[in-house]
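Colleague: Would you be able to build a 3D model of this:
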Amino acid sequence: MSTHSSAPVRAETPHATNSNTNKPICDAAKRRAQSLINDKSIDAGGRTWLRYALEINDPALPELVRRADG
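Modeller: Okay, here's the model as predicted:
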């Protein structure tokens with residue numbers, strides 16, 4: 001194979017970041033989510049959603065915690 005190419009090399013640019021999706025999840029929300037996961041008065045489906053959101057570091061975790069508290 002040839003390494004010679006007539007195409008110009010493009011400079012790489014970083015991806016645009018969205019400040020809403022790149023916010024770290026605060027420790028208090030993680031602790032509250034963990035306590036809600038262990039709370040048997042919350043239905044199993046809600047606990048599963050919280051567990052999954054905590055596992056993937058979903059930025060919507062604080063909102064899920066607020067809804068589960070309500």
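
Colleague: Now residue 60. Nearest residue, chain neighbours left out?
Modeller: residue 53 (6.6 Å; CB to CB, 6 or more residues apart in numbering). From N, CA and C alone the C-beta is placed, and that goes for glycine too.

Colleague: I'd like to know how many residues surround that neighbour.
Modeller: The tally of other residues near residue 53 (other CB atoms under 10 Å) stands at 20.

Colleague: Now it: which helix or strand?
Modeller: If you go by DSSP states H and E, residue 53 is part of helix 44-55.

Colleague: For the following helix or strand past that helix, name the packing helices and strands.
Modeller: Downstream of helix 44-55, the first helix or strand assigned by DSSP H and E is helix 61-69. Applying 3 or more CB pairs under 8 Å, 6 or more residues apart in numbering; DSSP states H and E, one finds that helix 61-69 contacts helix 27-38, helix 44-55.

Colleague: Point out the one among those helices that comes closest to residue 9.
Modeller: For those, the distance to residue 9 is smallest for helix 44-55, at 39.8 Å, taking CB to CB.

Colleague: tell me which residues in that closest one are buried?
Modeller: 47, 49, 50, 53, 54 (16 or more other CB atoms under 10 Å).

Colleague: Just list the residues touching the closest residue to residue 32 other than its chain neighbours, thanks.
Modeller: Distances taken as CB to CB, 6+ apart place residue 65 nearest to residue 32, at 5.0 Å, with adjacent residues excluded. Contacts for residue 65 (CB atoms under 8 Å, 6 or more residues apart in numbering) come out as 29, 32, 33, 36, 50.

Colleague: I'm done for today, thanks for sticking with me.
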